[in-house]
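Novice: coords please:
(one chain, ligands or ions: 1)
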Amino acid sequence: MQAIKDELDRRAIQIMRDNDRGGYTIPTHGLYPYQWNWDSAFAALGFAAFDPARAWRELEILYSGQWLDGMVPHILFHRPDPGYFPGPDVWQCRGPLPSSGITQPPVSLSFARRLYEANPAMGAVPVRMLFDPMRRWVQWFMAWRQHEGAICIAHPWESGRDNAADWDKAMAAIDPADVGHYVRRDLDHVHAAMRPTKDDYDRYIWLVQRGRRLGWHAPSLAVDQPFFVADPTMTFTLMRGVRDLIWLGEQQGLPTASLWNDLQMLEQGAETLWNPEIRAYDSRNALDGEFSGTLSNASFLAWYGGIDRPELAGTLAEVLAPLPYGVPSLALQDPRFDPKRYWRGPVWGVLNMLVGMGLEDFGHPQGQMLRQTTGRLIASHGFAEYFDPRDGAPAGGGSFTWTAAVWLAWAGVSIELA
Ligand code: DGY
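Specialist: Alright, predicted model coming up:
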């Protein structure tokens with residue numbers, strides 16, 4: 001038993017090292033050859049298990065790409081790689097490093113707290129260095145991505161849940177007829193049945209072209225947004241991030257007053273995402289106020305954000321009941337469920353972890369159960385990007401940094417493999 005765990009630890013560490021590009025980590029070779037924002041934050045957690053100084057370095061490099069307006073981009077293109085599309089030539093951004101023009105869920109705010117708690121002596125300097133950049137990113141969210149207190153995405157890639165069913169109705173309103181010719185590179189690496197469809201991709205690229213036309217200028221982008229959807233992923237990860245940033249500020253005697261206001265607003269915003277029809281948190285189109293009617297894994301991030309809603313535990317139990325490996329990205333009961341297609345059914349270690357950590361914080365037994373389930377999933381099916389939620393079959397990219405990190409930081413800790 002211990003030997004199996006040691007071998008899995010060793011493989012996870014090896015994946016992290018293989019994907020390390022010297023201070024920053026790529027999600028996986030080939031499919032994602034740059035530094036992705038939330039992947040990188042998970043990488044920091046993984047490194048914290050065996051190299052805490054390297055963990056802080058990951059976050060420092062991530063924040064070195066922060067724009068003057070406070071945004072921390074979703075991709076930093078440190079070195080050119082023709083194997084990925086759309087690259088820096090398509091985005092044409094103006095940050096300190098070549099980057100994309102959109103952001104991703106701010107889990108790094110909370111993971112910084114975890115690194116600090118593990119070793120406050122080592123963490124004091126990086127926290128003092130990163131506190132203001134982190135606070136400015138929060139301010140950017142509140143200024144440019146906030147609607148009635150909930151946090152919106154302006155591109156499906158911002159949520160990290162690219163082709164989630166949540167966005168279907170909002171995406172249908174975009175006519176990408178003038179998107180022009182482009183060549184996808186993701187299909188060179190992963191089978192098309194596991195990736196977003198061409199209809200989705202046309203709209204992804206169309207939104208990038210719009211941002212580029214407007215010079216990625218936040219005030220201009222905010223006018224006539226064609227796609228603006230309040231997202232539980234963003235809302236709850238930011239809520240948790242603000243709580244953890246307040247905690248860090250208090251530890252280090254740094255100013256937290258504005259963060260308390262942000263937290264209050266986010267708590268009000270979360271209420272606007274409660275959809276009584278599905279008895280869960282849901283995405284909501286800010287342009288017409290319509291819920292998406294989608295039970296996704298992000299529907300259960302409320303505990304992670306710091307909200308305990310008893311009704312939600314009942315819904316989670318129903319979603320978990322028919323499947324053996326944790327929270328699917330779309331409930332099996334949903335007619336749009338597609339077990340291999342990325343965020344439309346597969347189970348993801350990272351979301352299992354965020355949901356599970358939140359449940360554990362509130363002492364709900366489902367949290368420990370999710371931890372064990374995720375550990376067994378990785379132990380028996382490897383470090384894939386995501387998994388078929390029915391039988392655990394690995395899907396998407398292989399040797400994935402964030403799955404290795406989930407193992408090292410959470411799922412492989414106190415695992416019972418017997
Ligand atoms: C991709 O290229 O598929 C990424 O998910 C964008 O972030």
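Novice: going forward, measure contacts and count neighbours with C-alpha atoms only.
Specialist: Will do.
Novice: residue ranges with poor pLDDT in this protein?
Specialist: The model of the chain has pLDDT under 70 over residues 418.
Novice: now do 90
Specialist: For the chain, the stretches flagged by pLDDT under 90 are 1-2, 224, 414-418.
Novice: do a quick rundown of the strands in it.
Specialist: For the chain, the strands defined by DSSP state E occupy 35-36, 75-76, 146-147, 150-153, 229-230, 274-275, 280-281, 284-285, 386-387, 394-395.
Novice: other SSEs contacting the fifth one?
Specialist: Which is strand 229-230. If contacts are counted by 3 or more Cα pairs under 8 Å, 6 or more residues apart in numbering; DSSP states H and E, strand 229-230 sits against strand 150-153, strand 284-285.
Novice: looking at those strands, which is buried most?
Specialist: Greatest average neighbour count among these goes to strand 150-153 (a mean of 28), per mean count of other Cα atoms under 10 Å.
Novice: got the CA positions of that one in CSV?
Specialist: Output of strand 150-153 as CSV, limited to C-alpha atoms (Å, rounded to 0.1, in the frame of the first residue of the first chain):
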residue,chain,number,x,y,z
ALA,A,150,-21.4,38.3,-9.2
ILE,A,151,-18.3,37.9,-11.4
CYS,A,152,-18.8,37.5,-15.1
ILE,A,153,-16.7,36.0,-17.9
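Novice: got the helices and strands packed on strand 229-230 as TSV, with distance to Arg212 columns?
Specialist: As requested, the helices and strands packed on strand 229-230 are exported to TSV (distance: least, Cα to Cα, whole Å):
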stretch	distance to Arg212
strand 150-153	17
strand 284-285	23
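Novice: closest one to Gly306 among those?
Specialist: When the helices and strands packed on strand 229-230 are compared by Cα to Cα, strand 150-153 sits nearest Gly306, at 14.6 Å.
Novice: who's in contact with the closest one?
Specialist: 141-142, 145-146, 159, 227-232, 234-235, 265-266, 268-270, 272-273, 286 (Cα atoms under 8 Å, 6 or more residues apart in numbering).
Novice: so which of those belong to helices?
Specialist: Of the contacts of strand 150-153, the ones assigned to helices by DSSP state H are 141-142, 159, 232, 234-235, 265-266, 268-270.
Novice: surely Ser346 touches Ser329?
Specialist: If you look again at residue 346, you'll see it is Pro, not Ser. Yes - between Pro346 and Ser329 there is a contact under Cα atoms under 8 Å: 5.7 Å.
Novice: which among the contacts of strand 150-153 end up buried?
Specialist: Among those, those that count as buried by neighbour count (16 or more other Cα atoms under 10 Å) are 141-142, 145-146, 159, 227-232, 234-235, 265-266, 269-270, 272-273, 286.
Novice: and the helices in the stretch 101-250 of the chain?
Specialist: 107-118, 120-144, 156-159, 168-172, 198-213, 218-222, 232-252 (DSSP state H, counting those that start in this stretch).
Novice: what would those helices look like in JSON lines with distance to Gln366?
Specialist: Shown next, in JSON lines, are those (distance: least, Cα to Cα, whole Å):
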{"stretch": "helix 107-118", "distance to Gln366": "21"}
{"stretch": "helix 120-144", "distance to Gln366": "30"}
{"stretch": "helix 156-159", "distance to Gln366": "25"}
{"stretch": "helix 168-172", "distance to Gln366": "30"}
{"stretch": "helix 198-213", "distance to Gln366": "34"}
{"stretch": "helix 218-222", "distance to Gln366": "40"}
{"stretch": "helix 232-252", "distance to Gln366": "19"}
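Novice: which one of the ones you listed lies closest to Ala411?
Specialist: helix 107-118 (15.6 Å).
Novice: now do the closest one against helix 120-144, angle only.
Specialist: 160 degrees (axes from the mean of the first three to the mean of the last three Cα atoms, to 10 degrees).
Novice: distance from helix 107-118 to the middle of the chain?
Specialist: The chain centre lies 15 Å from the centre of helix 107-118; the measure is Cα atoms, centre = their mean, to the nearest Å.
Novice: how about that helix: buried residues?
Specialist: Result for helix 107-118 [16+ other Cα under 10 Å]: buried residues 107-116.
Novice: TSV for the residues you listed, including distance to Ala317?
Specialist: Listed next are the buried residues of helix 107-118 as TSV, based on distance: Cα to Cα, whole Å:
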residue	distance to Ala317
Val107	25
Ser108	29
Leu109	29
Ser110	26
Phe111	27
Ala112	31
Arg113	30
Arg114	28
Leu115	31
Tyr116	34
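Novice: Leu295: which of those is nearest?
Specialist: Val107 (21.3 Å).
Novice: excluding residues flanking it in the chain, which one is nearest the closest one?
Specialist: Residue nearest to Val107 in three dimensions, not counting chain neighbours: Thr237, with 5.8 Å by Cα to Cα, 6 or more residues apart in numbering.
Novice: try Gln368
Specialist: Nearest non-adjacent residue to Gln368 (Cα to Cα, 6+ apart): Glu360, at 6.5 Å.
Novice: from Leu115, how far off is that neighbour?
Specialist: Using Cα to Cα, to the nearest Å, Glu360 is found at 18 Å from Leu115.
Novice: cool, Ile13 as well?
Specialist: Remark: distance between Ile13 and Leu115 (Cα to Cα) = 17 Å.
Novice: my guess is His74 meets Pro106, correct?
Specialist: No - under the criterion of Cα under 8 Å, His74 makes no contact with Pro106, lying 9.9 Å away.
Novice: overlap of the contact sets of the two?
Specialist: Each of Trp38 lies in contact with both His74 and Pro106 under the rule Cα under 8 Å, 6+ apart.
Novice: next up, the contacts around Val413.
Specialist: For Val413, the contacting residues are Trp407, by Cα under 8 Å, 6+ apart.
Novice: now for the residue lying closest to Pro96 once chain neighbours are set aside: which residues touch it?
Specialist: For Pro96, ignoring the flanking residues on the chain, the nearest one in space by Cα to Cα, 6+ apart is Gly65 at 5.8 Å. Gly65 is in contact with 72-73, 76, 95-97, 99, counting by Cα under 8 Å, 6+ apart.
Novice: for ChimeraX, write the select line for the buried members of these.
Specialist: Here is the ChimeraX selection string for the buried members of the contacts of Gly65, based on 16+ other Cα under 10 Å:
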select :72,73,76,95,97,99
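Novice: include distance to Thr373 when you put the contacts of Gly65 into TSV, please.
Specialist: Below are the contacts of Gly65 laid out as TSV (distance: Cα to Cα, whole Å):
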residue	distance to Thr373
Val72	33
Pro73	32
Leu76	33
Gly95	41
Pro96	41
Leu97	39
Ser99	36
